[in-house]
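Peer 1: Build the 3D model from these lines:
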Amino acid sequence: MSAQQKFLAGAIALVVVYQVCLTAGAQEEKFSMLQFMAQRQNLRYVKVPHRVLAFYYPWYGSKEFHKRWVHWDRVDTQTKDIGSSTHYPAIGPYDSYDTGVIDYHFELAKGCGIDGMISSWWGIRSYEDRAMPVLLERAKLKGIEMTVYFETVRGNTTKEKVANTVKDLSYIVDNYGSHPAFLKVEGRPVIFVYGRAMGQASLSEWARIIAEMNKKYPGGVCLIADGFSSEIAKIFDGMHIYNSVGLAAGKKIEEIDRVTGSVFNGWVELCRKEFRICCVDIIPGYDDTKIRKPGLKAERFEGELYRTMWKNAIASDPDWILITTWNEWHEGYEIEPSIEYGDSYIKITSEFAPVFKKKPYAEVKIIEKQKYPAIMSDITRKNLREKFKGIKIGLLPDFQSKIVQWLAGCGLDVIELEWQDLLDKNKFSANTLPIVIYAGGEGYVQSLKAPGDIDEAILGYLKEGGMIVIASSQPFPFYYNEKGEPVVSATKKFGLPVCGSGAFDRDDYIEGNVRGWESPPKGIPMNFRMDRGVFKKVAEKIPFPSDGDLRWRPVISKTLSGKDLYQGLARLYDQENIWFGDGIAYIEHKETEPVGAKFLYIWFRMLDIDEYEMMLYELFDFARGKIKK
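Peer 2: This next block holds a predicted model:
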């Protein structure tokens, strides 16, 4: 071999090695939702110092400082009226960059027992971001803490959303997180995430974002989500609800007292069960009727709404109480002194905040497993692994329902699929994956490289005898495609007889006596009757949920033939023995198309029962008997 040939051979070898390393690196870097969930199970907050925090808006501007009004519209200083504000500030329309105003705010807040501000943040170099350096410095001088309220996620694809959000969060941590006035828990900088941003990225996308942040910052970042659910708790560090106006609007003070007492206790109990930071949000009132038509209003009841919420928030014993808001003037739920109310809400805050902080920490009671007797034991998990030994299970994107948490703790052989994997017969077939799980919301990718190619792949899988376990995080699986179009593919293409409600005049229901609903009929108690042949360790009757998302999407056998196999496993009945459809069912197509298809359908709210772990164990034990090893 000549010297030139040796050189070329060596170069080729180096390229091959480099490509192998790149491939290995790419495989190592591939995000695993199950691995992430398993790691998050070790995250526990049990002794978080009590704090009172208020949402703060640094988005105002005056003609004196900015040569124009910013967020103050149609200002009339003579009549003390602002077109975009429900009430009129006691100090008049001000500029958020004015250190005199900032000092006035922070001194008042500190004096009435508020420990810190959660400042609205709309992106790098935004109006609100440019205020942060001076806010942090003044907060340090006045002895309070600051953090940001992350308001929006940029991007359309998962890749864009993850990259942009990691960039934005990293900017916050790098520029502000080490400041002595920035809010921290156990050394981690705390960032709150608003509901808009929660909705702009799915929970699995947020999991990717958090994984990237924890990789970048070994100490971790503490993210508090807007929303309460066990799914959110498994991913985020804590939870809150920014606007609790729904608990008060249109209600009398006695009803507000009853409702908030119950709801606040529920929030805290969920957080304690999941060992997450619990925030209870309170409001002084709400009135956006000046800026929206018809708008929404929650009466202040001369301060009694605020007092009632304070009382019940303290009684529920959260880690933090959040005040919504200090100065969101547009929607009329500020506590900052105003012409209309003076400093009455500052005085009420100074009355209750010290009572809450009299105890330095919440009394965290570890919820024993005895309260949840159907939690799977290590022996039960081992038993399930033995039954599924040698069987691979596929997990369709998007990975966000509670079944993913369950899978993470079971140790089954689960393959996390991406949509392009469905187009590869070596990766997606009934032979390699006899069971696949739909754990996303209502949307899926229908067309990836060619129109309807994912649909064709799913149909091909079903016709091979594959089983799809439907355990979605939202009511109707395979409902929307990637364009957001309501295609209702579960019923119309894949042979899963799900009944919608026909809302918005959509053809998503099956003709007959049974159909879905947006909310259940009032005053009619209903229970799921559980098939005792399958469910031996779960309650015989499970009540229909009384709160949360109550959209009912049952399955029925009406579209099937007598030769098809249909088995209702959780059947919904009222006290008059009227059947409303099935919340859990097994379906096997033996005559109707697609012949060979198998479905195990679980209505999404069935995953919220206390016994859901054991329920899933018994369902998978049942499913194991329906597949060939």
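Peer 1: looking at the protein, which helix or strand does the model trust least?
Peer 2: For the chain, scoring each helix and strand by mean pLDDT, DSSP states H and E identifies helix 3-29 as the least confident one, at a mean of 38.
Peer 1: Tell me the first helix or strand C-terminal of it.
Peer 2: Using DSSP states H and E, the next helix or strand after helix 3-29 towards the C-terminus is helix 33-40.
Peer 1: Tell me the buried residues in that following helix?
Peer 2: 33, 34, 36, 37, 40 (16 or more other C-beta atoms under 10 Å). Where C-beta positions appear, they are placed from N, C-alpha and C, glycine not excepted.
Peer 1: cool, stretch 485-496 as well?
Peer 2: With burial defined by 16+ other C-beta under 10 Å, the residues of stretch 485-496 counted as buried are 486, 487, 488, 489, 490, 491, 493, 494, 495, 496.
Peer 1: List the residue ranges of the protein that fall below the pLDDT cut-off.
Peer 2: 1-29, 365-375, 629 (pLDDT under 70).
Peer 1: Which helix or strand contains the most centrally placed residue in it?
Peer 2: When the chain is reduced to its mean C-alpha position, the nearest residue by C-alpha atoms, centre = their mean turns out to be residue 232, at 4.3 Å. Using DSSP H and E, residue 232 maps to helix 230-235.
Peer 1: so what does that helix touch, helix or strand wise?
Peer 2: Contacts of helix 230-235 with other secondary structure elements, assessed using 3 or more C-beta pairs under 8 Å, 6 or more residues apart in numbering; DSSP states H and E, are made with helix 33-40, helix 203-216, helix 253-274, helix 402-410.
Peer 1: The stretch 51-200 of the chain: strands as residue ranges?
Peer 2: For the stretch 51-200 of the chain, the strands identified by DSSP state E, counting those that start in this stretch occupy 51-56, 75-76, 81-82, 116-121, 145-150, 184-185, 188-193, in order along the chain.
Peer 1: The third one pairs with which strands, and in what direction?
Peer 2: Translated: strand 81-82. Counting by DSSP bridges, the strands paired with strand 81-82 are strand 75-76 (antiparallel).
Peer 1: how close does residue 264 get to residue 244?
Peer 2: Separation of residue 264 from residue 244 (C-beta to C-beta, to the nearest Å): 9 Å.
Peer 1: still on that earlier bit, now the buried residues of stretch 485-496 as CSV including distance to residue 179 and secondary structure?
Peer 2: Formatted as CSV, those follow (distance: C-beta to C-beta, whole Å; DSSP: H, G, I helix; E, B strand; the rest coil):
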residue, distance to residue 179, secondary structure
486, 47, strand
487, 49, coil
488, 51, coil
489, 50, helix
490, 50, helix
491, 54, helix
493, 54, coil
494, 53, coil
495, 58, coil
496, 53, coil
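Peer 1: From these, pick the one nearest residue 352.
Peer 2: Of all those, the one sitting nearest residue 352 is residue 486; the distance, using C-beta to C-beta, is 47.1 Å.
Peer 1: got a list of what that closest one touches?
Peer 2: Under the criterion of C-beta atoms under 8 Å, 6 or more residues apart in numbering, the contact list for residue 486 reads 479, 480, 506, 508.
Peer 1: hmm, 10 Å instead?
Peer 2: 442, 443, 476, 479, 480, 500, 504, 506, 507, 508 (C-beta atoms under 10 Å, 6 or more residues apart in numbering).
Peer 1: any idea how far it is from residue 500?
Peer 2: Between residue 486 and residue 500 the computed distance is 9 Å (C-beta to C-beta).
Peer 1: which residues do these two both contact?
Peer 2: Shared contacts of residue 486 and residue 500, defined by C-beta under 10 Å, 6+ apart, are found at 476, 479, 506, 507, 508.
Peer 1: From these, list the buried ones, please.
Peer 2: Neighbour counting over those (16+ other C-beta under 10 Å) leaves 476, 479, 508 as the buried ones.
Peer 1: how far away is the last one from residue 478?
Peer 2: Residue 508 sits 11 Å away from residue 478, taking C-beta to C-beta as the criterion.
Peer 1: residues shared between the contacts of those two?
Peer 2: Residues touching both residue 508 and residue 478 (C-beta under 10 Å, 6+ apart): 487, 488, 490, 491, 492, 498.
Peer 1: Make JSON lines from the residues you listed and add distance to residue 396 to it.
Peer 2: As requested, the shared contacts of residue 508 and residue 478 are exported to JSON lines (distance: C-beta to C-beta, whole Å):
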{"residue": "487", "distance to residue 396": "16"}
{"residue": "488", "distance to residue 396": "18"}
{"residue": "490", "distance to residue 396": "13"}
{"residue": "491", "distance to residue 396": "18"}
{"residue": "492", "distance to residue 396": "18"}
{"residue": "498", "distance to residue 396": "16"}
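Peer 1: May I ask which two of those residues are separated the most?
Peer 2: Comparing all pairs in these by C-beta to C-beta, the longest separation belongs to 487 and 498, at 13.0 Å.
Peer 1: Could you check how many residues crowd around residue 548?
Peer 2: Look at residue 548: counted by other C-beta atoms under 10 Å, it has 10 neighbours.
Peer 1: is it true that it touches residue 605?
Peer 2: Yes: look at residue 548 against residue 605 with C-beta atoms under 10 Å: they come within range, at 7.2 Å.
Peer 1: Give the intersection of the neighbour lists for these two.
Peer 2: Contacts common to residue 548 and residue 605, judged by C-beta under 10 Å, 6+ apart, are absent.
Peer 1: quick one: the residue nearest to residue 597 when sequence neighbours are not counted from residue 590, how far?
Peer 2: Excluding its sequence neighbours, the residue lying closest to residue 597 (C-beta to C-beta, 6 or more residues apart in numbering) is residue 462, at 3.6 Å. Residue 462 sits at a distance of 13 Å from residue 590 (criterion: C-beta to C-beta).
Peer 1: more neighbours, those two?
Peer 2: When residue 462 and residue 590 are compared on other C-beta under 10 Å, the one with more neighbours turns out to be residue 462, at 25 against 13.
Peer 1: Can you spell out which helices and strands pack onto the strand or helix carrying the more buried one?
Peer 2: Assigned by DSSP H and E, residue 462 falls within helix 453-463. For helix 453-463, the packing partners by 3 or more C-beta pairs under 10 Å, 6 or more residues apart in numbering; DSSP states H and E come out as strand 393-396, strand 435-438, strand 467-470, helix 489-492.
Peer 1: Show me which positions of it end up buried.
Peer 2: Of the residues in helix 453-463, those buried (16+ other C-beta under 10 Å) are 453, 454, 455, 456, 457, 458, 459, 460, 461, 462.
Peer 1: now do stretch 179-197
Peer 2: For stretch 179-197, the buried set under the neighbour-count rule, 16+ other C-beta under 10 Å, comprises 179, 181-185, 188-194, 197.
Peer 1: Stretch 304-321 too?
Peer 2: Buried positions in stretch 304-321, judged by neighbour count with 16+ other C-beta under 10 Å: 305-314, 316-321.
Peer 1: just how off-centre is it within its chain?
Peer 2: Between the centre of stretch 304-321 and the centre of its chain there are 23 Å (C-alpha atoms, centre = their mean, to the nearest Å).
Peer 1: can you give me the strands in the stretch 251-400 of the chain?
Peer 2: Listed in chain order, the strands found in the stretch 251-400 of the chain under DSSP E, counting those that start in this stretch are 277-282, 286-287, 297-298, 320-323, 393-396.
Peer 1: and of those, who's closest to residue 203?
Peer 2: For residue 203, the closest of the strands of the stretch 251-400 of the chain is strand 393-396, at 14.0 Å, according to C-beta to C-beta.
Peer 1: circling back: and the two most separated of the buried residues of stretch 485-496?
Peer 2: Every pair of the buried residues of stretch 485-496 checked by C-beta to C-beta; the farthest is 486 and 495, at 18.3 Å.
Peer 1: Kindly reformat the buried ones among the shared contacts of residue 486 and residue 500 as CSV containing secondary structure and distance to residue 76.
Peer 2: CSV is the format used below for these (DSSP: H, G, I helix; E, B strand; the rest coil; distance: C-beta to C-beta, whole Å):
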residue, secondary structure, distance to residue 76
476, coil, 50
479, coil, 49
508, coil, 51
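Peer 1: Residue 381 and residue 414, how far apart?
Peer 2: Taking C-beta to C-beta as the criterion, residue 381 is separated from residue 414 by 13 Å.
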